[in-house]
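>>> Compute the structure for the input listed below.
(2 chains)
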Amino acid sequence: MTQDFKAHPYLANSQGDIDGMLEYLGIKDVEELYSDIPDEIKFKDTLDIPYYKSEYELMEAVKAKLSKNITTREVRSFIGGGVLDIYMPALQDEILRRTEFYSGYTQYQEEVSQGSLQALWEYQSMICEITGMNVANASLYDWATSVGEAALMCARNTKRNKFLYTSAIAPNREAVLKNYVTGAKLVLDILPHDPSTGKMDIANAKELMDETIAGIYIENPNFFGIIEDELQEIIADAHEKGIKVVVGADLNSLALLKAPGDYGADICIGEGQPIGGGPLNFGGPLLGVIAMKYDKRDIRQMPGRIVGITITQKEGERAFCNTLQTREQHIKRERATSNICTNEALVALSCAVHLALLGKEGYKDTAETMYLSAHYVVGELEKIGVKRVFESEYFNTFMLDLKIPKGKKKEFTNFMLERKIFPGLPYSSDGENYDYLVTTSYLLCKADLDDYVKAIGEWRS
Amino acid sequence: MYNQAKYDEPLIFELSKKGRRAHLPPRCDFSRDDITIPENMKRTKLPELPELHEGEVMRHYVRLAQMNYCVDTGMYPLGSCTMKYNPKVNESIVRSEKMLYLHPNQPEETVQGILELMYELQVALGDLAGLPYTTIQTPAGASGEYCGLALIKAYHDDHGEKQRDEIIAPDSSHGTNPASTVMNGMKLIEIKSNEDGRVNMDALKAAVSDKTAGLMLTNPNTLGIFEKDIIEMSNIVREAGGLLYYDGANFNAIVGKIRPGDMGYDVLHFNLHKTFSTPHGGGGPGAASVSCNEILEPYLPVPTIDYDKDKDYYFFNYDRPKSIGKLHGYYGNIAVALRAYAYIAALGFEGLQHTAEQACLTANYAVRKLEKIDGFRLSHGPSIPRKHEGVLEATPALRKYEVSGKDIGKMILNHGMHAPTVYFPLIAHEAWMVEPTENENKDNIDKYVAAVEEEMVKARKDPEYAHHAPYNAAVSRVDIGWSVKNLVVSYKILKEKLEKGEYVP
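Okay, the predicted model is just below:
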């Protein structure tokens, strides 16, 4: 290193600095710091990994590769399924680029980290307002991992080991749930939906629930987009049997739909990206939302970081800190409530900024636009004889009855792509034919919706 | 003289006034009267989101930002966290429209650009690991650990050895190691470290059995000391039928110098937000990659990102019957991974080697200077060179002057510098875990050491001064205990308490 050192913007020390430090340490070469390592494991070869000599060349090279993508803004995207294209106001990115927020770490030194602590506390508070809960954590990875964590939380709180979940769950969330609970040996079973309505089969569900069940997971609106409007009975029944109720909600829908906390859910989870966490970013980073009703005992089973108000020792001033840290891995190790350490704090902060920008009225406006756009498309599609798979009430997502055979799926994709449309999320219940889960964002205008209806009509003719 | 900004900044809810708008969403082409929600599911009262105008939102967050310390403020030598400079070009790259607006479920042929970049990243990370099969699905280090351990478990289960459910880890390990072990349904066998801070070989030999699933070990370890007997350890574990897991939290010490695969490890995770410079985000998002060898490859999470050379086509491979399944709703923190790609490509192989060397040099320099200060001593194996970090003990300060490691950390904040990681690893007393990284130059380290010296002079004379530090942060010493007793964790709870007449500051 001393011989062929080249200055690089990411390396802070000049040759003079290096020589000075070597001299202080009484060594001649930095290799001496590796002298205790057996020679046979040292890597002596070279690796052919990407390298661009300047920032300009790097930027151009990456941009050239990225240019092969077609974005949701170059077409009209009708894909949802958990994440959704949103508009990020200019101010939001301005805040996200504040290095004080993005280049700091977890608030281990609270006194110099009050800004991000307060921002995260405000995020938690906004999530509580939306979900009808009064405790939220400072984030999990995404909705899918929130389902897993919520299931584990129910098991710890009830000391039971069975967990039931709706069959109207997104396949990716189901996959992660299955993975998360294997270690704790939770037994999973399904609460089936009624194939005619797409809603949960309440009578059947009640039969499946007994006093060995730790918790149940319901999505509302469910994966098919259907509003579950008959949950009171099942929730009351669950609580009678000591079963915890987890509701996974489309957090945009909660501008129009009753909050899960207000109809009896114990835990509410969801994805924070579509309510402003950030752009799609090809599915990550996202924002796992988890909120619950305050309970002295249950809150101690919450995974992840929680910010609380506190006081300063001397002056008794208001301050913020990470609280209940004894639940977490850095203190409790193998007895921690979860292994989560690094979370999605910046996305949570970003989400709070977005919600503060929208305010109460803006949050409602965007949800209404999504609802109305979906209902307009459905009405227009019905006029040309295209129906939904389920005819129940919905928010901004519906399963379009297209029954496209597996062999024709690619052709359909290309047909729609030629018309600058991503038609939705393909979904097959039998592995042979595909229906499409269609979601309307508030970025689509009436002309886009008309084009969609026209394109579907052309495909069918 | 450092002084952090201090505002009596109200809660954003306290700034709210009915009827203000900070942002107008896109127009709606339909009549808002046409909404019909089933009566029993209708929301009757909108959530109490704050109502501000745009300028107020900006001021609120700018003020909060100014009350926040970060890497770009000054030295941030948090041991095991690798608080590197976050290159700004990476922030620009990820804000390309061709990155921001990609739905994870849009047609594969429309995302060839990002898949190509992620594939290249996987190959580069696999090369650096010496373990060729890589996934980037895990959104954080702990998730990477969970994944790697799940692969080990799946391997044993698949080979008719379901009884192998014990993970051995030293008592110096990161807290996530035992937590990830338990989340995988395995048991943790903790073994004591030697006096020199390394794994005790006798303890390891005694711990392995036909129940051993694997050994989980970061190398260099959390004291910054290289486990030189790694090959022997690997043999012991392997002979007992176990596999080896490398916790990549400390990989910055050896990037391009030593490959975990060449040390006998079967699987590892890298923290892209540590070694590969992506921002820590005030707690996240980070990202992890997991690399493994051919025996564990069949169990990697679905989908993997693969490349068909003949068709020059990148694709998601779901056809993996032995896979452990999914660990993230989609493919992981792709925007974070793209930053890591840009970092790697800005340095190249040789540049990465330099980062490791300078990281080790600055750490040794810092630690050797700090240990000379009255109040400190180096923990474990004083003659052994450190790697990218070193652990000091403030035990003499506590015994002689009643000043704790935590106190000294708080005093450092007075200088516009950040404390190291305190009280970790648990095998050191009054631990002060220092990791400057290659982004600190000699001058900054000299200033840091001088600041510690200056504060220690004051503390020796007046321990009370130390106990109440810091003095020029946005707030003075915080009482965490109050927050635990009162649990005011949301605005709703705050309002309830105030209505009941309870005290909340």
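
>>> can we go C-alpha only for contacts and neighbour counts from here?
Noted.

>>> Would you point out which residue is most central in chain A?
Nearest to the geometric centre of chain A sits residue A:142, at 3.0 Å (CA atoms, centre = their mean).

>>> surely it meets residue A:287?
Yes - the pair residue A:142 and residue A:287 passes the contact test of CA atoms under 8 Å, sitting 4.7 Å apart.

>>> what's the burial count for residue 382?
Picking chain A for this. Neighbours of residue A:382 under the rule other CA atoms under 10 Å in any protein chain shown: 13.

>>> that's the other chain; I wanted chain B
11.

>>> May I have the secondary structure class of it?
Residue B:382 falls in the coil class when you classify it by DSSP: H, G, I helix; E, B strand; the rest coil.

>>> Could you tell me the per-residue confidence at it?
On pLDDT, residue B:382 comes in at 91.

>>> What of the one 3 residues further on?
Residue B:385 is assigned a pLDDT of 95 by the prediction.

>>> Now for it, how many residues are close by?
Neighbours around residue B:385, by other CA under 10 Å: 22.

>>> Buried residues, stretch A:91-100. List them.
Under the neighbour-count criterion of 16 or more other CA atoms under 10 Å in any protein chain shown, stretch A:91-100 has A:91, A:92, A:95, A:96, A:99, A:100 buried.

>>> Do you have the helices of the stretch 51-200 of chain A handy? List them.
A:55-66, A:90-96, A:99-102, A:114-131, A:143-158, A:171-182 (DSSP state H, counting those that start in this stretch).

>>> how far does the last one sit from the chain's center?
So that's helix A:171-182. Centroid displacement of helix A:171-182 relative to its chain, using CA atoms, centre = their mean, to the nearest Å, is 14 Å.

>>> Any residue of stretch B:298-314 touching chain A?
No - counting by CA under 8 Å from any CA of the partner chain, chain A is not contacted by stretch B:298-314; separation bottoms out at 9.7 Å.

>>> Any chance you could list what contacts stretch B:253-264?
Stretch B:253-264 is touched from outside by A:41-44, B:128-131, B:220, B:230-231, B:234, B:244, B:246, B:267-268, B:293, B:349-350, B:352-353, B:355-357, B:359-360, B:387-388, with contacts defined as CA atoms under 8 Å, 6 or more residues apart in numbering or on different chains.

>>> So for residue A:142 and residue A:287, which residues contact both of them?
Listed as contacting both residue A:142 and residue A:287 by CA under 8 Å, 6+ apart are A:271, A:272.

>>> Quick check: mean pLDDT of the helix or strand residue A:415 falls within?
Element membership for residue A:415, per DSSP states H and E: helix A:409-418. Regarding helix A:409-418, the rounded mean pLDDT is 97.

>>> Show me which residues of it are buried.
Neighbour-count burial for helix A:409-418, counted by 16+ other CA under 10 Å, picks out A:412, A:413, A:415, A:416, A:417.

>>> Using JSON lines, lay out those together with distance to chain B.
Below are the buried residues of helix A:409-418 laid out as JSON lines (distance: CA to the nearest CA, whole Å):
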{"residue": "A:412", "distance to chain B": "11"}
{"residue": "A:413", "distance to chain B": "7"}
{"residue": "A:415", "distance to chain B": "12"}
{"residue": "A:416", "distance to chain B": "11"}
{"residue": "A:417", "distance to chain B": "9"}
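
>>> Which of those sits closest to residue A:294?
residue A:413 (47.0 Å; CA to CA).

>>> nearest spatial neighbour of the residue of the stretch 151-300 of chain A found nearest chain B, skipping sequence neighbours?
Nearest to chain B in the stretch 151-300 of chain A, going by CA to the nearest CA, is residue A:183, at a distance of 3.5 Å. Excluding the flanking residues, the one nearest residue A:183 by CA to CA, 6 or more residues apart in numbering or on different chains is residue B:185, at 3.5 Å.
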